[in-house]
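K.L.:
Got a sequence here, can you model it:
(chains A, B and C)
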Amino acid sequence: MRRRDWLAGAAALATVRPASAAEPTYRRGNDADPETLDPHRSSSVAEAHILRDLCDGLLTYDNLGALIPGAARAWTVSEDGLTLHFALRPDGRWSNGEPVTAVDFVYAFRRMLDPATGAKYAEILDPIRNAGAVNRGEKPIDALGVVADGPLSLTIVLEQPTPYILELLTHQTALPVHRASVERYGESFTRPGNLVTNGPYRLIDRVPGGAITLEANPHHPDAASFAIRRVAFLPTPDIASAVRRYAAGEIDSLSDLPVDQIADLRRRFGSQVVLGPSLGLAALVVNTRKPPFSDVRVRQALSLVIDREYLADGLNGGTMSPAYSLCPPGLDNYRTPPETAGRQGLPIDHEETARRLLAEAGFGPDRPLTVEYRFNVSDNNRTIAVALAEMWRDLGIVTRFVYTDAKTHFAYLRDGGDFDIARASWIADYSDPQNFLFLLQTGNAAAIATTWSDGAYDDLLARAAGERDLGRRADLLYEAERIALRELPWIPLMFYKSKALIAPRLHGYHPNLRNAAPTRFMRLDA
Amino acid sequence: MIRFILRRLAQAVPTLLVVVTVSFFLMRLAPGGPFDLERPLAPAALENLRRVYGLDRPLIVQFGSYLAALAQGDLGPSFSFRDMSVLDLIARGLPVSALLGTLALVLATGLGVGLGIAAALRRGGVIDRLLGIGAALTLSLPSFVVAPLLQIAFGLTLRWLPLSGWADGAPSHLVLPVITLALPQVGALARLTRASLGEILRTQPVRTMRSLGLPPIRVTRHALRGALLPVVAYLGPLAASLLTGSVVVETIFGLPGIGRYFVEGALNRDYTLVMGTVLLVAGLVMTLNLAADLACAWLDPRLRVAT
Amino acid sequence: MRLARMPGALASLTVLILIALACLIGPALTGHDFERAYPDLRQLPAGLPAQPDAAHLGPALERLAFRMRVRLDAVEREGDALRLTLASDAGVDRRSLVYLPRSALFGAPMIVEERDGGRTLVVAVPLRRLYFPLGTDVQGRDLLTRCLAAGRISLAIGLAASLVALLIGVAYGATAGFLGGAADAVMMRFVDVLYALPFVFFVILLLVFFRPSLTLMLVAIAAVEWLDMARVVRAQTLSLRERDFVRAAHALGVGAPGIIARHIVPNTLAPVAVTATLLVPQVILLESFLSFLGLGVQEPQTSWGVLVADGARSIEAAPHMLAAPAAFLIATLVALNLFGDALADALDPSAG
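P.N.:
Numbering: from 1, shown residues only, chains lettered A, B, ... in the order given. Now for the predicted structure:
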């Protein structure tokens, strides 16, 4: 190792002093260390929390999960829903004092979709005209439908009318980056000292495995209103010790909880345990190409005997809710989702039906169905797997487990490895049924081991994508979801909830569907 | 002596090369890659990423360019901390792990060797008997049990010490991690010292010295020189493993060291980070083994001839 | 033998035999299958009272009533039996009564009375008495049975992996030491390389490479643990090689494999026995570390490592989940270590 780096490391450690006592730091538990602070390369929820504090997109969220103006002051959507005009706020500033201009956003979108950037979730911006083609290298970067009409005026042209487009523009993939520093520092533009952002906070320090410390950005037009001047994001990979750190007052909030100990946490911390809605689904993916799972009766039987209430309220202590549909309730641009059988009616009837379906499919006491259940290892996944096996055992089904580390699991599914049933989960990027239902669409770029393909389903989704009337669009998507829930290529198990521990001295945290909790709207008692 | 050191260093180069080769190909052959996520990447995005990181080239070409970069002291960019190079990560984390490891090493050696000597001098005495059980006990406690127990006892119940965080190495933050790291080694070192000193105290020369009426303190000092040989030999690899941190201690106490990187790196398929840490450990193991051998030679003149 | 005169050695040996016996026959005697989950008795603390007790009966009945989609209008207890009054506006479905015995808390239900045209049903069910002296885990599985069943796996891994490590180590070390010269140098260089690889990395990769199984776990652990053995045996062999009886055998035309098998290996047994005894606890501890990382023994099998790792994570909410398996693990490891120490003392030729 070079001596210089050694010294640099030691010096970096030595110079970072915690804030003075007069200015309390919000110590924010944030499950994982971010992989990157480059918004265009980021992908995780933990990164989204930090980036929401660091950068302002054209729009952003408040602490209730409502869309509010960010870098844009106002916007209009054209009659045909294809053209959006944004007027940037004139007082928008980068953390080095330079004004934020429309050209910055053009640069950011182009960079995001440039194949050379290696952005993970470029496909999220597919609704923007030519975004997909640019990212695939089929069209030049300047073909992208994002244009600056003046220093503070930006136009975005879409491929199709997209009802969730405004929400999409809050996503980390749509955040701006400071061109001069990217060009000057290259790969290392996100380091403390190099990183220039336009959000409410700016980066002071980053210690991998330690903390990411931000302070209020004095150039931000609303800077005066931020009650919390300094926030440290602390990774909490070991959730059990994170709870101890919280109990000792070393962390002010946790964004994840040990679900098998909710009763105990409620006993110890009372109303500091805060659960809220969220946009996540936990499901079983069934290999519909492999007999006997290609038989819809087998899939229905497997689904019918799952006691989802026990999984969600019993084993997960109410931190999940039972799922009988793919779309969670409460999505924008949708109606109450259809349901697969199970919630209504008598469980004993469902059991009888399941038994009959299995018998019709050729299984019975003398020919038991054998299921191999694949999942990525975690305590909770193991608990759920064991419980599923118990439920299926009542039908005479024999369940074997194969569990591997996460990378192996995901790569195995992606590469089309042989499986019967596999665990999958999905956290949506925007509150729209499309963001759940596209998972089962044939040819979906980011499919999770989907072996199922259904012409009618694909057709409904395609028609919904071109439909401008939101009511009719919802009907089309509803029809599609009904097909999926009848065919059950995915067996929905549970919806996620956001789960947090919030110290009494922290105010302004409101659980919301978007899981948005920008630090700027929170307050900390001294 | 100089020739001996040079020869050992020369031997280290091919060993390191083999270590690099083996771990490079082991890592690459493992299923899954750094970009396999719960949410699969779109094929276009994956292709772009693989191109950006050069993972689309033949494996042997990648190995060649890795070696070429390595020769210039470049360990490459990390895959799981994409804003940082592996060198950055090690440079930031190693001081933390090394400080904790050094303190644990000093504590374990002082306590372990001291207790071992006391036990050997009074075989069957109170210390000896207690040490037998105590050493066995410390060797039997998994650190992922010790760490939470210490946190609960000293952090949550007694409120004497902070139970997590680094705080620039503030002493109060070091106590619990260092104890957790040192505990099993106290037992191991005490047992080793007791056995080897006990053996020497029973040899003919020592008995003769005693029977000649030499003061016990001088006899012990003489015996100790030889008795410490196996202890010093054990300290070499021990130091290497303590200095490079522990995944359990770092995750539970929330410390920014490099111990996590072996495990997280391997699980995240962070190829370059794993290679970097493997190289670091391999280098340290060999250096510290050499140091231990030199210390042994200094302790025991007979060994100097052999080397 | 001197070992027999050492009280410590005897005591630890007794403990080991008792634990091994308990693990072998215990699971058949506890009255629970180690896989059997009692959904209504999750994370039960350790204790002797019969279950379900008053505190767990209520919630259990509520859960079952919900599953039957009935109202629980009255619950009367008569000794070891319950009289339940179940009501539903849609009529109580008698088939649903199967959920009562399926919960394993109750015996077969008997219908006592039907009222309101089937909308109310009075049912008598015998209450079972279940005992969980060490409590239950997150799924409601008996921890005592699980600890004992886990012991089988942990001990089997400990012994088998140590045995494999022993065989590889002895064969490798003896060969290297006996051959000497360039062969020895090359062979020991290889050991150096393996020493220099961080073992965690090595084991994780092995576990990631192949479909996880007990055998793989064994191989992975053995693969990193044979190195010490090889070094010990090699050192012994080097000194034995020059001894007269080895030279004599050589002169008589006995081949290298013969000499190694007949003369070298038997004479290295003492240090090997000590190293091996101390290897077993190391292996068991390594398995528990892998379990902490989630790479341990897979369901439905379990090991002390898995149970201790689970327990360590819920140490505040359910301390019994840590205490029970940790006690088994630690008792075994301490006994093995003490036995190894005693063995070393007993086999030490210089000890008087």
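K.L.:
List the buried residues of the helix or strand of chain C with the lowest mean pLDDT.
P.N.:
Least confident helix or strand of chain C, by mean pLDDT, DSSP states H and E, is helix C:265-267 with a mean of 72. Buried residues in helix C:265-267, counted by 16 or more other CB atoms under 10 Å in any protein chain shown: C:265, C:267. To be clear about C-beta, it is placed using only N, CA and C from the backbone, and glycine gets the same treatment.
K.L.:
Who are the packing partners of that helix?
P.N.:
Using 3 or more CB pairs under 8 Å, 6 or more residues apart in numbering or on different chains; DSSP states H and E as the contact test, no helix or strand touches helix C:265-267.
K.L.:
which residues are contacting it?
P.N.:
Contact with helix C:265-267 is made by C:170, C:174, C:236, C:240, as judged by CB atoms under 8 Å, 6 or more residues apart in numbering or on different chains.
K.L.:
same check, this time on stretch C:166-182
P.N.:
With contacts defined as CB under 8 Å, 6+ apart, stretch C:166-182 is touched by C:183-184, C:187-188, C:191, C:222, C:226-238, C:240-241, C:256, C:259-260, C:264-265, C:268, C:272, C:276, C:279.
K.L.:
Give me the mean pLDDT for it.
P.N.:
The average pLDDT within stretch C:166-182 is 85.
K.L.:
Flag every buried residue along it.
P.N.:
Buried residues in stretch C:166-182, defined by neighbour count with 16+ other CB under 10 Å: C:166, C:168-179.
K.L.:
cool, and stretch C:272-284?
P.N.:
So stretch C:272-284, judged by 16+ other CB under 10 Å, has buried residues C:272-284.
K.L.:
Tabulate those in JSON lines, adding columns for secondary structure, pLDDT and distance to residue C:114.
P.N.:
Compiled in JSON lines, the buried residues of stretch C:272-284 are given as follows (DSSP: H, G, I helix; E, B strand; the rest coil; pLDDT from 0 to 100; distance: CB to CB, whole Å):
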{"residue": "C:272", "secondary structure": "helix", "pLDDT": "79", "distance to residue C:114": "75"}
{"residue": "C:273", "secondary structure": "helix", "pLDDT": "78", "distance to residue C:114": "73"}
{"residue": "C:274", "secondary structure": "helix", "pLDDT": "77", "distance to residue C:114": "74"}
{"residue": "C:275", "secondary structure": "helix", "pLDDT": "79", "distance to residue C:114": "73"}
{"residue": "C:276", "secondary structure": "helix", "pLDDT": "82", "distance to residue C:114": "69"}
{"residue": "C:277", "secondary structure": "helix", "pLDDT": "81", "distance to residue C:114": "68"}
{"residue": "C:278", "secondary structure": "helix", "pLDDT": "81", "distance to residue C:114": "69"}
{"residue": "C:279", "secondary structure": "helix", "pLDDT": "86", "distance to residue C:114": "67"}
{"residue": "C:280", "secondary structure": "helix", "pLDDT": "87", "distance to residue C:114": "63"}
{"residue": "C:281", "secondary structure": "helix", "pLDDT": "88", "distance to residue C:114": "63"}
{"residue": "C:282", "secondary structure": "helix", "pLDDT": "86", "distance to residue C:114": "65"}
{"residue": "C:283", "secondary structure": "helix", "pLDDT": "87", "distance to residue C:114": "62"}
{"residue": "C:284", "secondary structure": "helix", "pLDDT": "89", "distance to residue C:114": "58"}
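K.L.:
Tell me which residue of chain C lies closest to chain A.
P.N.:
When distances are taken as CB to the nearest CB, chain C reaches nearest to chain A at residue C:317, 3.5 Å away.
K.L.:
what residues are up against that residue?
P.N.:
Contacts of residue C:317 (CB under 8 Å, 6+ apart): A:258, A:260-261, A:263-265, C:43.
K.L.:
Apply 10 Å and report the result again.
P.N.:
Residue C:317 makes contact with A:240, A:243, A:258, A:260-265, A:267-268, C:43, C:138, according to CB atoms under 10 Å, 6 or more residues apart in numbering or on different chains.
K.L.:
How about residue A:228?
P.N.:
Going by CB under 10 Å, 6+ apart, residue A:228 touches A:23-26, A:28, A:53, A:200-201, A:214-216, A:252, A:506-508, A:519-524.
K.L.:
and those, which are buried?
P.N.:
A:24-26, A:28, A:53, A:200-201, A:214-216, A:252, A:506, A:508, A:519-522, A:524.
K.L.:
Next step: those residues restricted to helices.
P.N.:
residue A:53 (DSSP state H).
K.L.:
Helix or strand for residue A:241, just tell me which one.
P.N.:
helix A:239-247 (DSSP states H and E).
K.L.:
right, is that helix up against chain B?
P.N.:
Yes - remark: helix A:239-247 sits within contact range of chain B at A:240-242, A:244-247, by CB under 10 Å from any CB of the partner chain.
K.L.:
Also stretch A:460-471?
P.N.:
No - on the criterion CB under 10 Å from any CB, stretch A:460-471 is out of touch with chain B, staying 16.9 Å away.
K.L.:
what does the average pLDDT come to for that stretch?
P.N.:
For stretch A:460-471, the per-residue pLDDT averages 91.
K.L.:
Low-confidence stretches in the chain?
P.N.:
Answering for chain A, as no chain was given. Along chain A, segments meeting pLDDT under 70 span A:1-22, A:445-446.
K.L.:
Sorry, I should have been clearer: chain C.
P.N.:
Low-confidence segments of chain C (pLDDT under 70): C:1-5, C:211-212, C:348-352.
K.L.:
what separates the residue of the stretch 201-350 of chain A found nearest chain B from chain C, distance-wise?
P.N.:
The nearest approach of the stretch 201-350 of chain A to chain B comes at residue A:210, 3.4 Å away (CB to the nearest CB). The gap separating residue A:210 from chain C is 21 Å, by CB to the nearest CB, to the nearest Å.
K.L.:
ok, residue 82 - how many residues close by?
P.N.:
Using chain A. Around residue A:82 there are 19 other residues, counting by other CB atoms under 10 Å in any protein chain shown.
K.L.:
my question was about chain C
P.N.:
With other CB under 10 Å as criterion, residue C:82 counts 21.
K.L.:
Next: residue C:15.
P.N.:
Residue C:15 has 17 nearby residues by other CB under 10 Å.
K.L.:
list the helices and strands the helix or strand harbouring it packs on?
P.N.:
For residue C:15, the host element (DSSP H and E) is helix C:7-29. The helices and strands touching helix C:7-29, judged by 3 or more CB pairs under 10 Å, 6 or more residues apart in numbering or on different chains; DSSP states H and E, are helix B:126-138, helix C:143-179, helix C:319-347.
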